[in-house]
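Asker: the following comprises the amino acid sequence and a computationally predicted model.
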Amino acid sequence: MYHVNKQGYYGEFGGAYIPEMLYPNVEKLRQEYLKIMGEESFIKQFNQLLKDYVGRPSPLYFAKGLSKKHGTKVYLKREDLNHTGAHKINNTIGQILLAKRLGKTRIIAETGAGQHGVATATVCALADIQCVVYMGEIDIQRQAPNVARMKMLGAEVRPALSGSRTLKDATNEAIRDWINNPVDTHYIIGSAIGPHPYPDMVTRFQSVISEEIKWQLQEKEGRDYPDYVVACIGGGSNAAGTYYHFLDNEKVNIIAVEAAGKGIQSGESAATSQLGKEGIIHGCKTLLMQTQDGQITEPYSISAGLDYPGVGPMHAHLYRSKRGTFYSATDEQAMKAGLELCKTEGIIPAIESSHALAIFEHTTFKEDDIVVISLSGRGDKDLDTYIRYFDL
Amino acid sequence: MNRINRKLEASNKLLSIYFTAGYPDLENTVPIIEQLEKSGVDMLEIGLPFSDPLADGPTIQASSTKALKNGMSSEKLFEQLKNIRKTVEIPLIIMGYFNPILQYGVEKFCQKCQEIGIDGLIIPDLPVDVYHQEYQEVFEKYNLINIFLITPQTSKERIELIDSVSKGFIYMVSSASVTGAKNTFGDAQTDYFKKVEAMNLKAPQIVGFGISNKETFESATEYTKGAIIGSAFIKVVTEKGISGIDPFVKSILS
């Protein structure tokens, strides 16, 4: 009911609204992805790399300090401990193996903050395959360390000079590149967005997160599901992976935290479920922020990984069907929650993940509730922002 | 009979021009249309600008951004074109991305097009399958022809499917690329034109993407019904304004 249907839709959201130039590639992917992902040799290679290269399983850590402070049982799913520092690598490992099996010799990707770009450059180095990453010119200036990382890993970073010169435009440029290079190139989309089958494919690669949560909770709590799963949502790939195996278990409450930026009504926000309307962005029908005339608008969040004007179609459906409860955290609430995690648990989170941690500002849990929060990434990349924000 | 069909029946080597509405200045839309007809162009694609034109290269992306900044919108375009059929005879097609049309309301958009005298639509990100299932009825209710694209990568089966749904012409994208001018066509393009010509499709083909001058126009129309010039024309109006239109069209048609 909450999974993708045969036509590529989650309820009324999803589909593949693509120019004809992209049709052969997307159609080929649609026909092949489940078949390839089901092959024994693929599964073996994927799991091996997740274990030996990424460092999975990522721990499910009982956060004693946070639990005490908020009067409930809080577990953190430590995606921040993955190689390259976030959940993004789960998807890029999967897609690079898939691209090789499709006979592709060149990889392109888009990136906002640079996390998905680094994760893509990493797997391309690993697989010895050419890599071009599109990044908005403004983001290139804001995220110099990640640009350097990608270059060290052998990727070419191409600036997106059009439009607002941020993530949305980097995605446009990557799509244009794919139109211009339809035969040899695979496009590794970094979030649970884009035309079908991308949202489902990315979600499946990320679903290892909830798969591990199930057996880890069984070990720690004697049952294989929590009362709540909480994740931050930009495009929504870490959230999709965190929810995946609990979507049909109605005992599990699904909580999403979007970036409210400077406040939902401030005009500087990325809370798509609140501010978005149904429309088409980057090949799928979903909720997106736009003008009355249907022009896509520029979102804002202190966290570069959450400022995408759309949201994955699965999440639009979770929102519309009320299966998920959507909150939004302001910059201030997220930064405060991030700092709280540093002080109480000794973990510096990515600012994206800090939005999920800000859930305690919005709701309370019962003492014996089991609350699993996806700690999707580590905060090293955000030090500059933390330094400026807290005047450290 | 729709003006597009009449034109396709009446002539060969059609020259069609794409331009972005509201560019270079907001009020240039109607004067550009009138001048293009006067100069002898057979058909026009009026570009409804979009913030994120995925299938377009830098020239049209830039003209779209400028047009939006100038204040162009669906509402504005319809207002500008209100009386266009008092002065202009040739087929007029609106080319735009799907989201602005969806927000305007697909039926309301089609109804407005019919009122004004628009003959067809080209919506690159509305795939033939979705059109066929969800929108064909409403397009036809308002006597609008929807134009589909094919590319060198489109399979024979899919070209046949597109041909079966096409009521006007097929927009043949010359090569695997976004829009933007090229100076010549290579053997690969010519082979592709010939291959499609040999399929004897019901709908005539008009070539677009990469047509920029007399040479590319001539080689494209050797095997097809006509050709569309977009980016190269935008460059002309960018550099020379409306006075540059007539010499440019003459240089193609002479």
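Answerer: Here it is on my side, so go on. Residues are numbered from 1 along each chain as shown, chains lettered A, B, ... in the order given.
Asker: by mean pLDDT, flag the weakest helix or strand of chain A.
Answerer: Here the helix or strand of chain A ranked lowest by mean pLDDT, DSSP states H and E is helix A:137-142, holding a mean of 86.
Asker: quick check: chain neighbours aside, which residue is closest to whichever residue of the stretch 151-254 of chain B sits closest to chain A?
Answerer: The stretch 151-254 of chain B approaches chain A most closely through B:Gln153 (4.5 Å), counting by CB to the nearest CB. Every residue, glycine included, has its C-beta placed from N, CA and C. Counting by CB to CB, 6 or more residues apart in numbering or on different chains, B:Gln153 lies nearest to A:Pro24, which is 4.5 Å off, once chain neighbours are set aside.
Asker: so what pLDDT did the one you found get?
Answerer: For A:Pro24, the model assigns a pLDDT of 94.
Asker: any idea how far it lies from A:Lys343?
Answerer: 53 Å (CB to CB, to the nearest Å).
Asker: just the strands in chain B please.
Answerer: For chain B, strands defined by DSSP state E occupy the ranges B:14-20, B:43-48, B:92-96, B:120-122, B:145-150, B:170-173, B:205-208, B:226-229.
Asker: quick one on the thing from earlier: of A:Pro24 and A:Lys343, give the one with the bigger neighbour count.
Answerer: A direct count of neighbours by other CB atoms under 10 Å in any protein chain shown for A:Pro24 and A:Lys343 places A:Pro24 higher, at 18 against 9.
Asker: show me which residues of chain A are close to chain B?
Answerer: Within chain A, the residues that sit near chain B (CB under 8 Å from any CB of the partner chain) are A:15-21, A:23-24, A:162-163, A:168-169, A:172, A:175-176, A:179-183, A:277-283, A:290, A:292-297.
Asker: restricted to buried residues, select the residues you listed in ChimeraX.
Answerer: Restricted to buried positions by 16 or more other CB atoms under 10 Å in any protein chain shown, the ChimeraX selection for those reads:
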select /A:15,16,17,18,19,20,21,23,24,162,163,168,169,172,175,176,179,181,182,278,279,280,281,282,283,290,293,294,295,296,297
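Asker: among the residues of chain A next to chain B, name the ones in helices.
Answerer: A:23-24, A:168-169, A:172, A:175-176, A:179-180 (DSSP state H).
Asker: closest to A:Lys322 out of those?
Answerer: Taking CB to CB as the measure, A:Lys322 lies nearest A:Lys168 of those, at 28.0 Å.
Asker: pLDDT wise, what is B:Ala181 at?
Answerer: On the pLDDT scale, B:Ala181 is placed at 60.
Asker: what does A:Tyr228 give?
Answerer: At A:Tyr228, pLDDT is 98.
Asker: what do you get for the one 10 residues further on?
Answerer: The predicted local distance difference test score for A:Asn238 is 97.
Asker: just the element for it, please.
Answerer: Secondary structure assigned from DSSP states H and E places A:Asn238 in helix A:237-243.
Asker: next: A:Val372.
Answerer: Counting by DSSP H and E, A:Val372 is part of strand A:370-375.
Asker: please save the CA atoms from that strand in CSV.
Answerer: Extracted in CSV, the C-alpha atoms of strand A:370-375 (Å, rounded to 0.1, in the frame of the first residue of the first chain):
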residue,chain,number,x,y,z
ILE,A,370,11.2,2.9,21.7
VAL,A,371,12.2,5.8,19.4
VAL,A,372,14.7,5.1,16.7
ILE,A,373,16.3,8.2,15.1
SER,A,374,18.3,8.1,12.0
LEU,A,375,21.6,9.8,12.5
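Asker: neighbouring strands of it in the sheet, and parallel or not?
Answerer: strand A:73-78 (parallel), strand A:228-232 (parallel) (DSSP bridges).
Asker: taking these together, which one is wrapped up most tightly?
Answerer: Ranked by mean neighbour count, the strands paired with strand A:370-375 are led by strand A:228-232 with a mean of 29 (mean count of other CB atoms under 10 Å in any protein chain shown).
Asker: mind checking how far the one residue in the stretch 151-300 of chain A that gets nearest to chain B is from A:Lys322?
Answerer: Minimum separation of the stretch 151-300 of chain A from chain B (CB to the nearest CB) falls at A:Gly294, amounting to 3.4 Å. Distance of A:Gly294 to A:Lys322, given as CB to CB: 26 Å.
Asker: centroid-nearest residue for the chain?
Answerer: No chain in the question, so chain A it is. Taking CA atoms, centre = their mean as the criterion, A:Ser237 is the residue nearest the geometric centre of chain A, at 3.0 Å.
Asker: try chain B instead
Answerer: The centre of chain B sits closest to B:Glu45, judged by CA atoms, centre = their mean, with a distance of 3.8 Å.
Asker: identify all contacting residues around the helix or strand just after the strand holding A:Val372.
Answerer: Of the helices and strands lying after strand A:370-375 in sequence (DSSP H and E), the nearest is helix A:383-390. The contact list for helix A:383-390 (CB atoms under 8 Å, 6 or more residues apart in numbering or on different chains) reads A:302, A:335, A:338-339, A:348, A:351, A:379, A:392.
Asker: how does it look with 10 Å?
Answerer: A:142-145, A:302-304, A:331-332, A:335-336, A:338-339, A:342, A:348, A:351, A:354, A:379, A:382, A:392 (CB atoms under 10 Å, 6 or more residues apart in numbering or on different chains).
Asker: what sits against A:Gln333?
Answerer: A:257, A:260, A:327, A:354-355, A:357-362.
Asker: dump the residues you listed into a markdown table; add secondary structure, pLDDT and neighbour count as well.
Answerer: Formatted as a markdown table, the contacts of A:Gln333 follow (DSSP: H, G, I helix; E, B strand; the rest coil; pLDDT from 0 to 100; neighbours: other CB atoms under 10 Å in any protein chain shown):
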| residue | secondary structure | pLDDT | neighbour count |
| --- | --- | --- | --- |
| A:Val257 | strand | 98 | 32 |
| A:Ala260 | strand | 97 | 28 |
| A:Tyr327 | strand | 98 | 22 |
| A:Ser354 | helix | 98 | 32 |
| A:His355 | helix | 98 | 37 |
| A:Leu357 | helix | 98 | 30 |
| A:Ala358 | helix | 98 | 26 |
| A:Ile359 | helix | 98 | 26 |
| A:Phe360 | helix | 98 | 20 |
| A:Glu361 | helix | 96 | 15 |
| A:His362 | coil | 96 | 13 |
